[in-house]
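Asker: sequence and computational prediction follow.
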Amino acid sequence: MDAQLVDAVVLVGGRGTRLRPLTNNTPKPMLPTANFPFLQHLLARIKAAGIEHVVLSTSFKAEVFEQYFGDGSDMGLDIEYVVEESALGTGGGIRNVYDKLRYDTAMVFNGDVLSGMDLAGILETHEHKNADVTMHLLKVVDPRAFGCVPTDPDGRVLAFLEKTDDPPTNQINAGCYIFKRSVIEQIPAGRVVSVERETFPQLLEEGAQVFGHVDNSYWRDMGKPADFIHGSADIVRGIAPSPLLEGKTGEAFVDPSAGIADGVLLLSGTSVGRGTEIRAGVRLDGTVVFDGVTIEPGAEIKDSIIASGVHIGANTRISGCVIGEGASIGARCELLDGLRIFPGVAIPDSGLRFSPDA
Ligand code: GDD
Ligand code: MG
């Protein structure tokens, strides 16, 4: 199928609650991953697959997307925006872009999935099966946090069970679907609809042609801090593919405007954003550092997210934490194990240990 005759629809209207406080003011798909808004990596993959027309289905903080991507021409894309007054859910978000669709085939993406799946491959399956809907499926170790999707040997979808405690298979919905335009038209307009809990089960009940396309390439949902951190590091190291980093992958990815002192160690897929200053003897391991951050000498940070404008004092140790925008962590602190510091909070020099169970 000619990718130029396919609309891409990206669902980016969620609140990103699991990534609070990073998502208090920034929509999840706009958070910097490997120094680009996450969505930019996905748009670059859409472009590389030959799709040109993209509709962003937005709700929460809708204006942030258009301010950054504009009409998409900088990326060689034609991007349009649709805004929900109040969130319509995943199915409502898909229905809401119906009037913007130009072609008979739409490729719908969850806006928080980092994946190396072959987009041409799923289009081929869709065409070959003459499906109403084709969904990207893959196998994971623990399917409970996802949509569980059993199929028959022919790839026909047998059921869609969103976030069940007792999944019958470890095959899950990877969050990328091909829809016939006529199927999108049938989703009820103007009310909240979950594509996972309402639309897919109903299509199956009606006997619609719903097929799975299994692709076990790199895949990660970026919705939780640990996944966000590891996903960003995987892009930096070239384990997760992004056209934006082609030829630039390695142990670390540093914006040219950042200041890195001598003897700094940047390891395991660390990224360092614009205008950030990293002083002597700092060690950063698998850490995502946003813009305008200052890290004083001797600090050691591992598997963490350091949001914009944060100040980290000398010899402080941080592991597995999220430090919100503009927070200031004093010297000689120790922050461990999933702690989240809220924006603007100041922790004095202390050497004390702060962890969720301390
Ligand atoms: N436009 C719009 N409106 N978009 C929304 C809305 C809404 O009301 N609610 C959520 N979204 C967007 C989110 O921004 C995200 O990009 C996508 O829809 C999926 O929402 P998540 O909140 O990330 O869902 P999830 O991760 O719990 O589960 C979904 O993804 C899994 C794979 O990553 C489901 O589709 C699962 O079935 C799937 O396995
Ligand atoms: Mg998600």
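Answerer: That came through, no problem. Residues are numbered from 1 along each chain as shown. Ligands and ions are numbered 1, 2, ... in the order given.
Asker: element containing the closest residue to ligand 2 within the stretch 201-350 of the chain?
Answerer: The nearest approach of the stretch 201-350 of the chain to ligand 2 comes at residue 223, 3.7 Å away (C-beta to the ion). Glycine gets a C-beta too; all of them are placed from N, C-alpha and C. Assigned by DSSP states H and E, residue 223 falls within no helix or strand.
Asker: change the start of the numbering to 21 and stick with it
Answerer: All right, first residue 21 from here; so that's residue 243.
Asker: quick one: residues contacting it.
Answerer: 36, 38-39, 48, 132 (C-beta atoms under 8 Å, 6 or more residues apart in numbering).
Asker: I'd assumed residue 221 was in contact with residue 111.
Answerer: No. Assessed by C-beta atoms under 8 Å, residue 111 is found out of contact with residue 221, at 10.9 Å.
Asker: any idea whether residue 217 is helix, strand or coil?
Answerer: Under DSSP: H, G, I helix; E, B strand; the rest coil, residue 217 falls in the helix class.
Asker: now the one 5 residues further on
Answerer: When classified by three-state DSSP, residue 222 comes out as helix.
Asker: distance of it from residue 261?
Answerer: Residue 222 sits 35 Å away from residue 261, going by C-beta to C-beta, to the nearest Å.
Asker: any idea which residue sits dead centre in this structure?
Answerer: In the chain, the residue lying closest to the centroid (C-alpha atoms, centre = their mean) is residue 132, at 2.5 Å.
Asker: of residue 111 and residue 221, who's got more company?
Answerer: Taking neighbours as other C-beta atoms under 10 Å, residue 111 and residue 221 compare with residue 111 leading, 23 against 16.
Asker: can the helix or strand hosting the more buried one be found next to ligand 1?
Answerer: For residue 111, the host element (DSSP H and E) is helix 109-115. Yes. Applying C-beta under 6 Å from any ligand atom, one finds helix 109-115 in contact with ligand 1 at 109-110, 113.
Asker: which residues does that helix contact?
Answerer: Applying C-beta under 8 Å, 6+ apart, the contact partners of helix 109-115 are 29, 31, 33, 77, 79, 104, 107-108, 128, 130, 199, 204, 207-209, 211-216, 218-219.
Asker: give me the subset of these lying in strands.
Answerer: 29, 31, 77, 128, 130, 199 (DSSP state E).
Asker: verify the stated contact: the fourth one with residue 194.
Answerer: No. In this structure, residue 128 sits apart from residue 194 without contact. The criterion is C-beta under 8 Å, and the distance is 11.8 Å.
Asker: for the stretch 221-370 of the chain, what lies in contact range of ligand 2?
Answerer: Neighbours of ligand 2 within the stretch 221-370 of the chain, by C-beta under 5 Å from the ion: 241, 243.
Asker: since we're on residue 229, how many residues are nearby?
Answerer: Number of residues near residue 229 (other C-beta under 10 Å) recorded here: 16.
Asker: in contact with it, which residues?
Answerer: Listed by C-beta under 8 Å, 6+ apart, the contact set of residue 229 reads 149-153, 176.
Asker: low-confidence stretches in the stretch 121-270 of the chain?
Answerer: For the stretch 121-270 of the chain, no stretch is flagged by pLDDT under 70.
Asker: residues of the stretch 21-170 of the chain that sit close to ligand 1?
Answerer: Residues of the stretch 21-170 of the chain lying near ligand 1 (C-beta under 6 Å from any ligand atom): 31-34, 77, 79, 104, 107-110, 113, 130-133, 166-167.
Asker: buried only: go through those residues for me.
Answerer: Buried by 16 or more other C-beta atoms under 10 Å: 31-34, 77, 79, 104, 108-110, 113, 130-133, 166-167, out of those.
Asker: now do the helices in this protein.
Answerer: Assigned by DSSP state H, the chain shows helices spanning 58-68, 82-89, 109-115, 139-149, 201-206, 220-225, 245-257.
Asker: most packed of the ones you listed?
Answerer: helix 109-115 (a mean of 24; mean count of other C-beta atoms under 10 Å).
Asker: convert the C-alpha atoms of that helix to PDB, please.
Answerer: C-alpha atoms of helix 109-115 as PDB (Å, rounded to 0.1, in the frame of the first residue of the first chain):
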ATOM      1  CA  GLY A 109     -11.000   9.000  25.600                       C
ATOM      2  CA  THR A 110      -8.900   7.100  23.000                       C
ATOM      3  CA  GLY A 111     -11.900   6.100  20.800                       C
ATOM      4  CA  GLY A 112     -13.500   9.600  21.100                       C
ATOM      5  CA  GLY A 113     -10.100  11.000  20.200                       C
ATOM      6  CA  ILE A 114     -10.000   8.900  17.000                       C
ATOM      7  CA  ARG A 115     -13.600   9.700  16.100                       C
END
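Asker: give me the contact status of that helix with ligand 2.
Answerer: No. Using C-beta under 5 Å from the ion, helix 109-115 never reaches ligand 2; the gap is at least 9.9 Å.
Asker: quick one: average pLDDT of that helix?
Answerer: In this model, helix 109-115 carries a mean pLDDT of 97.
Asker: next: stretch 60-74.
Answerer: The average pLDDT for stretch 60-74 rounds to 98.
Asker: measure how far that stretch is from the centre of its chain, please.
Answerer: 15 Å (C-alpha atoms, centre = their mean, to the nearest Å).
Asker: ends of stretch 30-40, how far apart?
Answerer: This stretch, stretch 30-40, spans 21 Å end to end (C-alpha to C-alpha, to the nearest Å).
Asker: related to what we said a few turns ago, mark which of the contacts of residue 229 are buried, thanks.
Answerer: For the contacts of residue 229, a burial check counting by 16+ other C-beta under 10 Å picks out 149, 151-153.
Asker: gap between residue 155 and residue 214?
Answerer: Per C-beta to C-beta, residue 155 is found 15 Å from residue 214.
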